[in-house]
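>>> please work out how this folds:
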Amino acid sequence: MKRLPIKQGLNPTRAQVPQSWPGPVAAAEFVWFLIDNQRHRAPTDSFSAVLSRFSRGEVLSDAGTRLRPFDAIHPGSFVNFYRAPAPEREVPGDIRVLHQDDTLVVIDKPPFLSTMPRGQHISQTALVKARVQLGIPELSPSHRLDRLTRGVLMFTARREARGAYQTMFERREATKIYEALTPRRGAAPFAPIERFADWHQWPAPSEDQPWTLTHHMVKIRGHLSTYVVEPPADPTAAVPPEANAVTHVLGVREDVRDGRDVLVWRLKPATGKTHQLRVVLRSLGLPIINDPLYEELSDAALHDPSSPTPHPPFADEEDFSRPMGLIAKELRFTDPLTGKPRRFISNY
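Numbers count the residues shown, from 1 in each chain. Sure, this is the predicted structure:
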């Protein structure tokens, strides 16, 4: 069966004619409907450009049949074609390969680069850039890094290997170690939350004796920041919420980065809540350096979703010279296919 190949690092779109449509529709009319309603698309992607897709044989049915512009397609059927994304601001930084074999490709992802296409970030993503740079169209991410986070990101290079590695991450069998940079204590205008007020007096954390920090974090759809629900001051007033975010602090040391005195935190998340590590350090009163959200988040907004939140710059206005100080520093796991230990370390 004929399929559209990955083109310029991008997968073709597979779209279904809605079951609610009153009847058959011309293939070109349906594809144009989808493109005309695309939020981020190339300004030159007109109806004429849609017809050109058909003339090049780039619109197929799910059965692999080449569709013509006036072929009738019915509700519930699928159409496969290529979208043309809108121009994007070039994100600086190279895709640096840490490891490559027939099965795995591991890169050092630059900051400001999404892992894979989403929303307005299409061509300026780690997946698309790596596919084009390495000439491996079947690359697929085994896990994700937030757009502002840099460091170790792993892909599979063969379709048949994807499931084994993706499920390994879903089961949280891989160990991920992060490095976070914050101001030194006293350099930030925030106080830690009450139960962490004396953290600087705790014994120094280590791999053998880490701090285990627990939080109850809540992320509301449409609300920019994650907030923390703390146990009430009077333990009899209400049932305290159970912790749903667990983070192990493996170490903290003083250092100088880019001419700035900082604390370097070594963190191992045991859970994967949205913005977890950013919130954890903000709860100690030390937001991650250059964090566009939590570096400005008020103490009230850390606990109350009704409090005003900062407005981070839009992607087109971001200052690329100020990357957020969060690095996916190390990735360790037992290879699910070979049984051998794997370890990759970022150079950031």
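
>>> if we ignore the residues flanking it in sequence, what's nearest residue 298?
Spatial nearest neighbour of residue 298, excluding adjacent residues (C-beta to C-beta, 6 or more residues apart in numbering): residue 307 at 6.2 Å. For glycine as for every other residue, the C-beta is placed from the backbone atoms N, C-alpha and C.

>>> actually residue 161, not the one I wrote
Leaving aside its chain neighbours, residue 161 sits nearest to residue 103 (5.1 Å; criterion: C-beta to C-beta, 6+ apart).

>>> what of residue 165?
Nearest-residue entry for residue 165: residue 142, 4.2 Å, with adjacent residues in sequence omitted and distances by C-beta to C-beta, 6+ apart.

>>> check contacts around the one you found.
The contact partners of residue 142, by C-beta atoms under 8 Å, 6 or more residues apart in numbering, come to 154-156, 162, 165-166, 168-169.

>>> out of the residues you listed, which is most surrounded?
Counting neighbours by other C-beta atoms under 10 Å, the top entry in these is residue 155, with 26 neighbours.

>>> can you map out the strands along the stretch 51-200 of the chain?
Using DSSP state E, counting those that start in this stretch, the strands of the stretch 51-200 of the chain run over 60-61, 72-73, 78-81, 96-100, 104-109, 140-141, 150-156, 175-183.

>>> any idea how far the last one is from the chain center?
Right, the one you point to is strand 175-183. Taking the mean of its C-alpha atoms, strand 175-183 sits 16 Å from the chain's own mean (C-alpha atoms, centre = their mean, to the nearest Å).

>>> my guess is the residue nearest to residue 298 meets residue 301, correct?
Yes. Look at residue 307 against residue 301 with C-beta atoms under 8 Å: they come within range, at 4.0 Å.

>>> which of the two has more residues huddled nearby?
residue 301 (20 against 14).

>>> part of a helix, is that one?
Yes. If the criterion is DSSP: H, G, I helix; E, B strand; the rest coil, then residue 301 is within a helix.

>>> what's near enough to touch residue 104?
154-157, 161, 165, 342.

>>> what about the residue nearest to residue 298, which SS state?
Applying three-state DSSP: residue 307 is coil.

>>> show me the contacts for it.
298, 300-301.

>>> one step back: of all pairs in the contacts of residue 142, which one is the farthest apart?
Using C-beta to C-beta, these span at most 13.6 Å, a distance reached by 155 and 168.

>>> let me know the pLDDT of the closest residue to residue 183 other than its chain neighbours.
Nearest residue to residue 183 in three dimensions, chain neighbours excluded: residue 286, at 6.0 Å (C-beta to C-beta, 6+ apart). Looking at residue 286, its pLDDT reads 95.

>>> residue 175 too?
97.

>>> any idea how far residue 247 is from residue 194?
Distance, residue 194 to residue 247, using C-beta to C-beta, to the nearest Å: 18 Å.

>>> nope, residue 304 is what I was after
For residue 304, the distance to residue 247 (C-beta to C-beta) stands at 22 Å.

>>> rewinding a little: ok, residue 194 and residue 247, which is more surrounded?
Taking neighbours as other C-beta under 10 Å, residue 194 and residue 247 compare with residue 247 leading, 25 against 9.
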